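Engineer: Generate a structure from the sequence data that follows.
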Amino acid sequence: MKRNRIFFWGLILIILVLFTPQKMLAAPSAQTGSDEVIQIVLVLDVSGSMGTPVYSGIVPEDLLSLLLRMDELQSDPQFVQLTEQVEEAENDPTVVAKKEDWIDAYDELDNWITTEYGNSLPGQQAIISTALKSADCDEGVGRGISTARDAEQIEFYLVAACPSGTVTANLVAEFVDLVPYLDDPEYLSLREIWTTAYQAYDEALEESGFNSYTQQLENYKTSGQYQVIQDEIDRLVDVYSIPSRLELAKAAAINLIDLSQLDKRITDRDSLLGLVTFSNQAMYEHALTLEHNEIKSLIRAMSPMQQTNIGDALMMGLNELERNADPDQPMMVILLSDGHANVGLTSSSILATIPPRANNSDITLCTAGFADLETEVDFVLLEGLAEQTGGEYIFTNSGAELGSFFVACKEAAAGKELAGQISGIINAGDITEVGRVDIQTNTCDLSLALNFQGGKPTIELVDPEGETIDSSDEGITYQTRNQVQLLTVENPLAGEWVINLSNEDDQGMDAAFSILISTNPCAGPAPDDLPTPALELPYLLSEDGMKIVTGGVILVVVILAGLTGYVILIRQRKIS
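Structural biologist: This is a model prediction of the structure:
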């Protein structure tokens, strides 16, 4: 009899455990999942000024003397006067008005092609640039081919851009097919308006004295050995391995990719990345892809070119996300520029058109200005783009800080909470406290992403109880790749954590670093804070409520069945 009772109540206990609503038993979990994808298009400036060296720390004496001589030349009253005259001529009201007319005519042509042929001019240029690259031709003529007058002009561009002897009738026909509107009378009419507007703009520049002042400035540079000094500066920059803005931008972008790959190992979250670059025209380098090494190769191959066409590049980035991204997953454009939009859409036109379009597709814009001084970049444009789309803007002259900003944008898109950023320089052989972070209860993980240049920095983390975290401890993941490190702590103790940094570089090289701190809140409230559900009708009809109702019904049925069986057993024993 006693055995039967133990068996009976044990069976009831097992049934209760099996049928208890799972959400009442589960611990809080992080807000991540294997089905989550972050979709980012990098839009990177490759204009000529991106080749400018970035000097940090102590500049070698011979290089410093040349820089001082160059500063003297640029401070000479004649140089200053000519430079100001060039700028005044370029900003002459008539010139500005004609430039606006030219841009408006281009926009009208672009809108017509988009409406009638389903692809914008920047999109058409991207297709043509891909074909030029496949044919081993210079991609720089893509813009000219996309707005060519006829097949003969397309052939002219190809002869100029492709290896000698490779331009055949079949090749010309292939590129003519890539301009489907070439023979459309409406296209030819709109193109004529656009080219006429450009000629009027060019004539206004001539009348303002722009061409004359520009030539005088070039003559002054030649007479003052400006170019000779510049060439020697360039040589020493190579000798001392001083990075350019573009090289630091490349490193920041590659660090973002590396951290995305490290993050994948922990969260199982994929990052789809695409790439657009821009100078005189926007270039569609790669569609959204999980093949990150392909993106890296394209980034490493980037080189400084000429002017700054921000508008076309942003349109191309939005095109890629609108057409190929999953609208139910986070979408973002990360824009980097070191100057002002001086080709294509003006800053005011960009602000008027890009944010509404991005918001309509739920795309966030993160923007970065990267130069020596913030006045060198169009900070009004960059800040406005970010502010109007829920993104972030940063100005920096630090490559490590730029890398952390890229990562911060991605982490924000993933829903992580940014707890802070620490930047600086640590000397070789030093170990020092660089910051602290306060962790709240119900935090599922703490992440520290380290971007660095030079040296061999390593993060050391001390928990609120004064214990130094060891990478071999349970719940601790410390990953490194190239110039990035990612330290992740699962279920960190609430309280103040201390962040130390060491630099054990054998070559005595200092390290420029930037650490991004982020936390991931648990999906539900802390176990101690779980509310007791009110058993009212609306709640009982909800998903969680129905689980409780189902469990309760099963429990009642099991108890009644058990009692019935018990009564039958007693009666049988009395009868016997």
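Engineer: tell me the contacts of residue 503?
Structural biologist: 426-431, 455-458, 510-511 (Cβ atoms under 8 Å, 6 or more residues apart in numbering). For every residue, glycine as well, the C-beta is placed using N, CA and C.
Engineer: same check, this time on residue 174
Structural biologist: residue 131.
Engineer: List the buried residues for the helix or strand harbouring it?
Structural biologist: Per DSSP states H and E, residue 174 falls inside helix 169-177. Within helix 169-177, the residues scored as buried using 16 or more other Cβ atoms under 10 Å are 171-172, 175-176.
Engineer: picking up where we left off before, mind putting the contacts of residue 503 into JSON lines with neighbour count, pLDDT and secondary structure?
Structural biologist: Supplementary listing: those in JSON lines, determined by neighbours: other Cβ atoms under 10 Å; pLDDT from 0 to 100; DSSP: H, G, I helix; E, B strand; the rest coil:
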{"residue": "426", "neighbour count": "21", "pLDDT": "87", "secondary structure": "strand"}
{"residue": "427", "neighbour count": "13", "pLDDT": "86", "secondary structure": "coil"}
{"residue": "428", "neighbour count": "17", "pLDDT": "85", "secondary structure": "coil"}
{"residue": "429", "neighbour count": "13", "pLDDT": "86", "secondary structure": "coil"}
{"residue": "430", "neighbour count": "16", "pLDDT": "89", "secondary structure": "coil"}
{"residue": "431", "neighbour count": "14", "pLDDT": "89", "secondary structure": "strand"}
{"residue": "455", "neighbour count": "23", "pLDDT": "84", "secondary structure": "coil"}
{"residue": "456", "neighbour count": "14", "pLDDT": "88", "secondary structure": "coil"}
{"residue": "457", "neighbour count": "27", "pLDDT": "90", "secondary structure": "strand"}
{"residue": "458", "neighbour count": "19", "pLDDT": "89", "secondary structure": "strand"}
{"residue": "510", "neighbour count": "20", "pLDDT": "83", "secondary structure": "coil"}
{"residue": "511", "neighbour count": "24", "pLDDT": "84", "secondary structure": "strand"}
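Engineer: Nearest to residue 52 among those residues?
Structural biologist: For residue 52, the nearest member of the contacts of residue 503 is residue 510. The distance, counting by Cβ to Cβ, is 21.9 Å.
Engineer: Assess the claim that that closest one and residue 428 are in contact.
Structural biologist: Yes - in terms of Cβ atoms under 8 Å, residue 510 counts as a neighbour of residue 428; the distance is 5.8 Å.
Engineer: Give me the common contacts of those two.
Structural biologist: When contacts are counted by Cβ under 8 Å, 6+ apart, residue 510 and residue 428 are jointly contacted by 455, 503.
Engineer: check contacts around residue 361.
Structural biologist: 318, 321-322, 327, 331.
Engineer: Report pLDDT for the closest residue to residue 240 other than its chain neighbours.
Structural biologist: Excluding the flanking residues, the one nearest residue 240 by Cβ to Cβ, 6 or more residues apart in numbering is residue 60, at 5.6 Å. What the model reports for residue 60 is a pLDDT of 86.
Engineer: and residue 60, how many neighbours?
Structural biologist: As a burial measure, the neighbour count of residue 60 was computed by other Cβ atoms under 10 Å and equals 13.
Engineer: now residue 94
Structural biologist: Neighbour number of residue 94 under other Cβ under 10 Å is 14.
Engineer: What strand or helix carries it?
Structural biologist: Here residue 94 sits within helix 93-117, counting by DSSP H and E.
Engineer: Which strands or helices does that helix pack on?
Structural biologist: Judged by 3 or more Cβ pairs under 8 Å, 6 or more residues apart in numbering; DSSP states H and E, helix 93-117 is in contact with helix 121-134, helix 185-208.
Engineer: re the thing from before, export the helix holding residue 174 as PDB, just CAs?
Structural biologist: Provided in PDB are the C-alpha atoms of helix 169-177 (Å, rounded to 0.1, in the frame of the first residue of the first chain):
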ATOM      1  CA  ALA A 169      32.300  45.800 -81.500                       C
ATOM      2  CA  ASN A 170      30.900  43.100 -79.200                       C
ATOM      3  CA  LEU A 171      32.300  44.900 -76.100                       C
ATOM      4  CA  VAL A 172      30.800  48.200 -77.300                       C
ATOM      5  CA  ALA A 173      27.400  46.500 -77.900                       C
ATOM      6  CA  GLU A 174      27.600  45.000 -74.400                       C
ATOM      7  CA  PHE A 175      27.900  48.400 -72.800                       C
ATOM      8  CA  VAL A 176      25.300  49.900 -75.100                       C
ATOM      9  CA  ASP A 177      22.900  47.300 -73.700                       C
END
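Engineer: The helix or strand containing residue 81 packs against which elements?
Structural biologist: Secondary structure assigned from DSSP H and E places residue 81 in helix 77-90. When contacts are defined as 3+ Cβ pairs under 8 Å, 6+ apart, helix 77-90 packs onto helix 185-208, helix 210-223.
Engineer: Name the residues of the shortest one that are buried.
Structural biologist: The one in question is helix 210-223. 210, 213-214, 216-217, 220-221.
Engineer: Looking at the contacts of residue 503, which one is closest to residue 70?
Structural biologist: Nearest to residue 70 among the contacts of residue 503 is residue 510, at 26.1 Å by Cβ to Cβ.
Engineer: Let me see the contact set for that closest one.
Structural biologist: The neighbourhood of residue 510, defined by Cβ under 8 Å, 6+ apart, consists of 57, 425-428, 454-455, 503.
Engineer: need these in JSON lines with distance to residue 437, can you?
Structural biologist: Below are the contacts of residue 510 laid out as JSON lines (distance: Cβ to Cβ, whole Å):
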{"residue": "57", "distance to residue 437": "28"}
{"residue": "425", "distance to residue 437": "20"}
{"residue": "426", "distance to residue 437": "18"}
{"residue": "427", "distance to residue 437": "23"}
{"residue": "428", "distance to residue 437": "26"}
{"residue": "454", "distance to residue 437": "25"}
{"residue": "455", "distance to residue 437": "23"}
{"residue": "503", "distance to residue 437": "21"}
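Engineer: which ones are touching the nearest residue to residue 256 once chain neighbours are set aside?
Structural biologist: Closest residue in space to residue 256, ignoring its immediate chain neighbours: residue 406 at 4.2 Å, by Cβ to Cβ, 6+ apart. By Cβ under 8 Å, 6+ apart, the contact set of residue 406 is 252-253, 255-256, 334, 366, 368.
Engineer: Just the ones in strands from the residues you listed, please.
Structural biologist: 334, 366, 368 (DSSP state E).
Engineer: Same list (the residues you listed) but as CSV, adding pLDDT, neighbour count and distance to residue 289.
Structural biologist: Shown next, in CSV, are the ones in strands among the contacts of residue 406 (pLDDT from 0 to 100; neighbours: other Cβ atoms under 10 Å; distance: Cβ to Cβ, whole Å):
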residue, pLDDT, neighbour count, distance to residue 289
334, 94, 26, 16
366, 94, 27, 20
368, 93, 26, 22
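Engineer: which one of those residues sits closest to residue 465?
Structural biologist: residue 366 (36.7 Å).
Engineer: While we're on the residue nearest to residue 256, how confident is the model there?
Structural biologist: Turning to residue 406, the model gives it a pLDDT of 86.
Engineer: That one: which element?
Structural biologist: Assigned by DSSP H and E, residue 406 belongs to helix 399-413.
Engineer: Over to residue 65?
Structural biologist: Judged by DSSP H and E, residue 65 forms part of helix 61-75.
Engineer: tell me which residues of that helix are tucked away?
Structural biologist: 63, 66-67, 69-70, 73.
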